[in-house]
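**Q** what shape does this take:
(one chain, ligands or ions: 1)
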Amino acid sequence: MERIDKLLASTGRWSRREAKALVQEGRVLVDGVPAAAPEQKADPACLQVDGERLELQKYTYVMLNKPEGVLSATEDARQKTVLDLLPPELRRRGLFPVGRLDKDSEGLLLLTNDGDLAHRLLSPKMHVDKVYYIRTDRPLAAEDQEAFAKGVVLADGTACRPAGLELLGRGDEAFVTLHEGKFHQIKRMIASRGAAVCRLKRLSMGTLVLDETLEKGEYRLLTQEEVSKIGGNR
Ligand code: URA
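**A** Predicted coordinates:
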C-alpha cells in the first residue's frame, strides 16, 4: 500500500502535482470508488485512472533531446547533467544514459534503468548503428568519404571500423554512421582528415530515432513499440 499520488507519479506519466489534480477531479478510482484524497493509501492493482488500470512498468526508458552544455552523466559536483533535465519522479528511478554524448554534442540520448538493455546496445558485438548529423569547418570531399568507408586511423594510431559519411549540401554538412563508440570518435575521425567538427547531433541509435518534436532539453517516455524494437522489457 502506497500513497495514491506517489503511485501515479511513479509511473512517470504524471508529476506529483498532476497526480493530485487527477484525484481531485475524481478521475482516480480505488476498487471502483473515487479516491478521497491524494494521500490515501492504496494497492496499485486496485487503481484505475480514467477507467484504465495502472501500468506498473519494470523499467523506464526516456528519450532526451540533449542540448549542448550538459554532461552525459548522472551527477556532477559543479556542472549540469542530463539527469538535471528530468523531473524528480523520473530522477528517483536510477536512470543513467546509455552511452555518452560529449558536453558540446546534442541530440538523441536514451536514459534507462534497464542495465541489460544498456549493455546490449553498447556491446560492440551487437553492431548497433548510430547516425549523427555533423557540420564541419570546411567542406569534406569524396576522398574523405572513401577514407571513412575504409576505416580511418586516428592520430594516436587507433584504427576505426569502416563508417558511413554521406555529404550534404556544399559538403560542410554530413550524416555519419558509426558501428562502434570510441571516445570523441567523430571529432577525432574528422580531425584525421584535417577538418574540425562545429556541430554534432545524434539522430538515431539502432531502431530508436530522435523525435524531432522534442525541443532541445525536452524528453518523453519511449512508446511501447520503441521499447520492443530496441529490445527493452517494460
Ligand atoms: N563522436 C564525438 O566525437 N562526440 C560525440 O558526442 C559523439 C560521437
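
**Q** which residues sit against the lowest-mean-pLDDT helix or strand in the chain?
**A** Taking mean pLDDT, DSSP states H and E as the measure, helix 88-91 is the helix or strand of the chain with the lowest mean score, a mean of 84. By C-beta atoms under 8 Å, 6 or more residues apart in numbering, the list of residues contacting helix 88-91 from outside reads Ala9, Ser10, Gly12, Ser15, Arg16, Thr60, Val62, Leu83, Tyr219. C-beta here means a position set from N, CA and C on the backbone, and glycine is covered the same way.

**Q** from these, pick the one nearest Ala141.
**A** Tyr219 (37.5 Å; C-beta to C-beta).

**Q** contacting residues for the closest residue to that closest one other than its chain neighbours?
**A** Spatial nearest neighbour of Tyr219, chain neighbours left out: Leu64 (4.3 Å); criterion: C-beta to C-beta, 6 or more residues apart in numbering. Counting by C-beta under 8 Å, 6+ apart, Leu64 makes contact with Val82, Leu85, Leu86, Leu108, Leu109, Leu110, Leu111, Leu214, Gly217, Glu218, Tyr219.

**Q** same question, Leu22
**A** Leu8, Trp14, Val28, Val49.

**Q** and the longest strand belonging to the chain, average pLDDT?
**A** Among the segments of the chain that qualify as a strand by DSSP state E, the longest is strand 197-205. On average, the pLDDT along strand 197-205 is 98.

**Q** mind giving me the packing neighbours of that strand?
**A** Identification of packing neighbours for strand 197-205 by 3 or more C-beta pairs under 8 Å, 6 or more residues apart in numbering; DSSP states H and E yields strand 106-112, strand 130-136, helix 185-191.

**Q** pick the most deeply packed of these.
**A** Burial of the helices and strands packed on strand 197-205 is given as mean neighbour count (mean count of other C-beta atoms under 10 Å); strand 106-112 ranks first at a mean of 24.

**Q** sheet partners, orientation included, of that strand?
**A** strand 61-66 (antiparallel), strand 96-97 (antiparallel), strand 197-205 (parallel) (DSSP bridges).

**Q** of these, flag the one that's most buried.
**A** With a mean of 24, the top stretch among those by mean neighbour count (mean count of other C-beta under 10 Å) is strand 61-66.

**Q** so does it get close to the ligand?
**A** No - contact of strand 61-66 with the ligand (C-beta under 6 Å from any ligand atom) is absent, the minimum separation being 9.2 Å.

**Q** for the remainder of this discussion, apply numbering that starts at 588.
**A** Fine by me, first position is 588 from now on; the one you just mentioned is strand 648-653.

**Q** can you give me the mean pLDDT across that strand?
**A** For strand 648-653, mean pLDDT rounds to 97.

**Q** before we move on, back to that, the ligand: which of the contacts of Leu609 is nearest?
**A** Trp601 (32.4 Å; C-beta to the nearest ligand atom).

**Q** hang on, isn't the closest one packed against Leu594?
**A** No - if you go by C-beta atoms under 8 Å, Trp601 and Leu594 don't touch, sitting 10.2 Å apart.

**Q** picking that back up, pick out the lowest-pLDDT one from the contacts of helix 675-678.
**A** In terms of pLDDT, the lowest of the contacts of helix 675-678 is Gly599, showing 71.

**Q** need the contact list for that residue.
**A** Gly599 sits next to Gln644, Thr647, Val649, Glu676, Leu677, Arg680, Leu808 when contact means C-beta under 8 Å, 6+ apart.

**Q** which members of those residues are the farthest-apart pair?
**A** Gln644 and Glu676 (13.0 Å).

**Q** pick out whichever of those two has more residues nearby.
**A** Applying other C-beta atoms under 10 Å to Gln644 and Glu676 shows that Glu676 carries more neighbours, namely 20 against 17.
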